[in-house]
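S.K.: got a predicted structure plus its sequence, pasted below:
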Amino acid sequence: MKGWRPSPPLLLLLPAVIVLAAVVVVPLLLSLYSSFTPFRLTRPETFWVFIGARNYVTILTSRAFWVAFARTVVLLTVALNLEMLIGLGLALLVEKASRGQRILRTIMMFPMMFSPILVGFQFKFMFNDNIGLVNNALQGLGLTDRAIPWLIDGNLAFIAILIAEIWSSTSVFAILILAGLLAMPREPVEAARVDGCTPWQTFRYVTWPFIMPFAFIAMTIRSLDVARAYDIVKIMTDGGPAGRTELVWTLVARTAYSDARMGMANAMAYFSILLSILFTVYFYRKLAAARTQIAAEW
Amino acid sequence: MDQNSLHRVGNKALGIVHGIGLFLAMLVICLPGIWIVLSSLRPTVEIMAKPPVWIPQQLSLDAYVAMFSGVGQGGIPVLDYFRNSLIISVTSTVIAIVIGMAGGYAFARYRFRAKSAMFLGLMLTRTVPGIALSLPLFFVFARLGIIDTHFGLILVYVALNVPFTVWLIDGFFRQVPKDLAEAAQIDGCTRWQAFWQVEFPLAGPGIASAGIFAFLTSWNEFALASQLTRSINSKTLPVGLLDYTAEFTIDWRGMCALAVVMVIPALTLTFIVQKHLVGGLTSGAVKG
């Protein structure tokens, strides 16, 4: 078309859109297609066989998949809630500190610098039943005289993974909530105190509404990246023992690369993508709602 | 006791409780890191000792020396992994920042149709779990012959980083008042000049911290790298860490040393940007 010029924002966004289309969208369409085939890496010709929704039927009737899926949802729900609570507590503690704020804040960010794989490894080390710090400490204090099999018992392994997950991600919440606390004007809190509010009431009705958007920003950021738990679990237990800590993501990896059943793995992967999208959209909505609610002050 | 001094005692007690709580929290945060550093400096015998040796008897840098002295002694080619990590992370960060600047500027300065849907769409591409994305990418890359190359991983990391850099940079541009660029344009600058001479320098520190954030993401990424790399051609440090785990044994000391090597650049960089990072995340696109 002669004389037609694309609008500047479109032009500016074009590189981002192209890269994301090439590396994310198109491959995902491809994997969507292959989830309807019995595709195996070892037998390329199976890529062209169309079997309809049979992979999905197999998955949906598979107990192992549903167990892993439920475990993933439980892990995320518990972890996100605890991270939020602990992060809030930590932020309040640091905000109250009269001296050394800067150094405290730096320490608080410490876990953020650890790659998830390092977190997994370091907690694998600490929870090791023979030489781990946790067992050594428990035995040294005389709380138990046997070696607790942290990463071998299914339930204990779940707790160990949960602790690793919380350790690594609480700082995101703490930092953002602290940013909210520091940005908060003093007057409303003082006014509430003068009017005779108890500390709890002041927190609940004055402070909390103000820092809520910050908490939701943290939630959104975290939910963008929930699948990083894969790295932690991969290192700590690799879904074992005997699938007792299997999450959706480790199941996908096992099905795809160990069993080489790509079609099946892609079908599973779509469930994990759906899960991530649901988490993100949910918190994004909350964020938008919280924003408009206090739009005037912020 | 009158009420005044009672109050004072209460305050003091509260202060002490607060101090203890703060100390415990910081201890829990730091302990794993300290333990790793300590273990990397101790001889393996001491790590394995039963009953545990709490106070290190002898410290040495043997693990680090072994690690950097090549395949023969240390077991794994750390230098190659380090080089790969550095090349891939730096290149993908630079590209992601350029693309992110264009996108962030568009979101911060223009109104256009379906803006917030577009933003959410960009973010959603980031939510795709690495392992889910690795399946089709593995297939496509194998076909294109770019598996186990720097180029393949750089491409992936650019895509991984673009959504977040757009979010952050959008926030930093919003903190620069619109009037400044407009004033420059009235004084005869083109929009292009106004951007480079007024807005870019002001948003500069923020953009730098977005860059460091992108660098850290690439530096630490594992799920995709573990499937798209095969050999010392392109293996990065997080994947290399697995080299220390054999079938049934783990070289704990070597792993700890490599962990320290991995964390130090990340630590330094995060320390530099911490202030801007929070600012960028809390203002910006989510503000509507």
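M.R.: Structure's in. What do you need?

S.K.: use CA for all of it now, contacts and neighbours both
M.R.: Will do.

S.K.: and residue B:243, how many neighbours?
M.R.: Neighbours of residue B:243 under the rule other CA atoms under 10 Å in any protein chain shown: 16.

S.K.: can you verify it is assigned to a helix?
M.R.: Yes: applying DSSP: H, G, I helix; E, B strand; the rest coil, one finds residue B:243 inside a helix.

S.K.: ok, the closest residue to it other than its chain neighbours to chain A distance?
M.R.: Nearest residue to residue B:243 in three dimensions, chain neighbours excluded: residue B:76, at 6.8 Å (CA to CA, 6 or more residues apart in numbering or on different chains). The spacing between residue B:76 and chain A, counted by CA to the nearest CA, to the nearest Å, is 17 Å.

S.K.: name the SS class of residue B:76, please.
M.R.: Applying three-state DSSP: residue B:76 is coil.

S.K.: hmm, residue B:242 and it touching each other?
M.R.: No: counting by CA atoms under 8 Å, residue B:76 sits too far from residue B:242 to count as a contact (10.0 Å).

S.K.: circling back to that earlier point, can you name the residues that contact the residue nearest to residue B:243?
M.R.: B:67, B:70, B:240, B:243-244 (CA atoms under 8 Å, 6 or more residues apart in numbering or on different chains).

S.K.: okay, it: pLDDT?
M.R.: For residue B:76, the pLDDT comes out at 73.

S.K.: ok, now residue B:85?
M.R.: On the pLDDT scale, residue B:85 gets 90.

S.K.: would you confirm that it contacts residue B:236?
M.R.: Yes: taking contacts as CA under 8 Å, residue B:85 lies within contact range of residue B:236: 4.8 Å.

S.K.: more neighbours: the two, which one.
M.R.: The neighbour comparison of residue B:85 against residue B:236 (other CA under 10 Å) goes to residue B:236, with 32 against 23.

S.K.: the more buried one and residue B:216, how far apart?
M.R.: 13 Å (CA to CA, to the nearest Å).

S.K.: need the contacts of residue B:76 in a markdown table with pLDDT and distance to residue B:32, can you?
M.R.: A markdown table is the format used below for the contacts of residue B:76 (pLDDT from 0 to 100; distance: CA to CA, whole Å):
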| residue | pLDDT | distance to residue B:32 |
| --- | --- | --- |
| B:67 | 74 | 22 |
| B:70 | 62 | 28 |
| B:240 | 84 | 21 |
| B:243 | 78 | 21 |
| B:244 | 76 | 19 |
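
S.K.: and the helix of greatest length in chain A with chain B, contact?
M.R.: Scanning chain A for the helix with the most residues, using DSSP state H, yields helix A:63-96. Yes: counting by CA under 8 Å from any CA of the partner chain, chain B is contacted by helix A:63-96 at A:90, A:93-94.

S.K.: show me what secondary structure element comes after that helix.
M.R.: Scanning forward in sequence from helix A:63-96 by DSSP states H and E, the next helix or strand is helix A:101-109.

S.K.: list the contacts of that next one.
M.R.: A:94-95, A:171-172, A:174-175, B:26, B:29-30, B:271, B:274.

S.K.: buried subset of the residues you listed?
M.R.: A:94-95, A:171-172, A:174-175, B:26, B:29, B:274 (16 or more other CA atoms under 10 Å in any protein chain shown).

S.K.: find the centremost residue of the chain, please.
M.R.: You didn't say which chain, so I picked chain A. residue A:226 (2.5 Å; CA atoms, centre = their mean).

S.K.: sorry, I should have been clearer: chain B.
M.R.: Chain B, centroid-nearest residue using CA atoms, centre = their mean: residue B:216 at 2.3 Å.

S.K.: and for that one, nearest residue in space, chain neighbours not counted?
M.R.: Counting by CA to CA, 6+ apart, the residue nearest residue B:216 is residue B:266, at 6.4 Å.

S.K.: could you pull out the helices for the chain?
M.R.: I went with chain A, as the question did not name one. For chain A, the helices defined by DSSP H occupy A:8-20, A:26-34, A:54-60, A:63-96, A:101-109, A:116-126, A:133-140, A:154-183, A:187-194, A:199-202, A:208-224, A:229-236, A:248-253, A:262-293.

S.K.: wrong chain, I was asking about chain B
M.R.: B:3-41, B:44-48, B:62-68, B:71-74, B:78-109, B:115-127, B:130-144, B:150-175, B:178-186, B:191-194, B:200-220, B:223-228, B:237-240, B:252-282.

S.K.: which of those sits closest to residue A:254?
M.R.: For those, the distance to residue A:254 is smallest for helix B:130-144, at 10.4 Å, taking CA to CA.

S.K.: CA-only coordinates of that closest one in CSV, if you can.
M.R.: What follows is helix B:130-144, C-alpha atoms only, in CSV (Å, rounded to 0.1, in the frame of the first residue of the first chain):
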residue,chain,number,x,y,z
GLY,B,130,10.7,-24.0,30.6
ILE,B,131,10.4,-27.7,30.5
ALA,B,132,7.1,-27.5,28.5
LEU,B,133,8.8,-25.1,26.0
SER,B,134,11.9,-27.3,25.8
LEU,B,135,10.0,-30.1,24.1
PRO,B,136,9.1,-28.4,20.8
LEU,B,137,12.3,-26.4,20.9
PHE,B,138,14.3,-29.5,21.2
PHE,B,139,12.6,-30.9,18.1
VAL,B,140,12.9,-27.7,16.1
PHE,B,141,16.5,-27.0,17.0
ALA,B,142,17.5,-30.6,16.2
ARG,B,143,16.0,-30.1,12.8
LEU,B,144,17.7,-26.8,12.2
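
S.K.: before we move on, back to that, and the longest helix of chain A, what does it pack against?
M.R.: Contacts defined by 3 or more CA pairs under 8 Å, 6 or more residues apart in numbering or on different chains; DSSP states H and E place helix A:63-96 against helix A:101-109, helix A:154-183, helix A:248-253, helix B:3-41.

S.K.: hmm, 10 Å instead?
M.R.: Secondary-structure packing of helix A:63-96 (3 or more CA pairs under 10 Å, 6 or more residues apart in numbering or on different chains; DSSP states H and E): helix A:54-60, helix A:101-109, helix A:154-183, helix A:208-224, helix A:229-236, helix A:248-253, helix A:262-293, helix B:3-41.

S.K.: redo those helices as TSV? Include distance to residue B:137.
M.R.: Formatted as TSV, these follow (distance: least, CA to CA, whole Å):
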stretch	distance to residue B:137
helix A:54-60	20
helix A:101-109	33
helix A:154-183	27
helix A:208-224	20
helix A:229-236	18
helix A:248-253	13
helix A:262-293	12
helix B:3-41	34
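
S.K.: what's the closest of these to residue B:89?
M.R.: helix A:229-236 (18.6 Å).

S.K.: for residue B:230, give me the pLDDT.
M.R.: In this model, residue B:230 is scored at 83, pLDDT.
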